[in-house]
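Colleague: Here's my sequence, what's the structure:
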Amino acid sequence: MDAVFPFDKVTLVYEGSEFLVGFGKNTRNRNKYSVGLRWKSYKYDGSDNTGFPYDSSKKGVWFMIPIHLSAAFLETLKGNKYSKKDALDNAIKLLKEQN
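Modeller: Next comes the predicted model:
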């Protein structure tokens, strides 16, 4: 997936019908591995593809999970039909090694 603030490259570890969970290096936090959430559409602005959250220029951004909670949060997604198993396992491994 293309860059979306604050990631320079995002790996999706979960892609459900309503929201995404992404993993990558956070350019705003010393390039530490981080986890973020985005909703696929934002029903309140009349757009089907804006997603949420977004910045003042309507560019997508990620809601970031605190790093110390990220691995535990990802663990809760294991076994979910929308999770991408290999990417999820790798993200958990990298987060645990980083701490």
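Colleague: Every contact and neighbour count from this point should use C-alpha atoms.
Modeller: Noted.
Colleague: Show me what the biggest helix by length in the chain packs onto, helices and strands only.
Modeller: Longest helix in the chain, counting residues (DSSP state H): helix 85-98. Taking 3 or more C-alpha pairs under 8 Å, 6 or more residues apart in numbering; DSSP states H and E as contact, the helices and strands that helix 85-98 lies on are strand 11-15, strand 32-39, helix 67-75.
Colleague: go with 6 Å
Modeller: Under the contact criterion of 3 or more C-alpha pairs under 6 Å, 6 or more residues apart in numbering; DSSP states H and E, helix 85-98 touches no helix or strand at all.
Colleague: Give the buried residues for that helix.
Modeller: 85, 87-89, 91-92, 95 (16 or more other C-alpha atoms under 10 Å).
Colleague: from those residues, which is closest to residue 36?
Modeller: Distance to residue 36 across the buried residues of helix 85-98 (C-alpha to C-alpha) is lowest for residue 91, with 11.9 Å.
Colleague: Ignoring the adjacent residues along the chain, who's closest to that closest one?
Modeller: Closest residue in space to residue 91, ignoring its immediate chain neighbours: residue 23 at 6.7 Å, by C-alpha to C-alpha, 6 or more residues apart in numbering.
Colleague: Neighbours of that neighbour, how many?
Modeller: 26 (other C-alpha atoms under 10 Å).
Colleague: so the residue most central in space within the chain is in which element?
Modeller: Centroid-nearest residue in the chain: residue 22, 2.4 Å away (criterion: C-alpha atoms, centre = their mean). If you go by DSSP states H and E, residue 22 is part of strand 19-26.
Colleague: That concludes my questions; thank you for your assistance.
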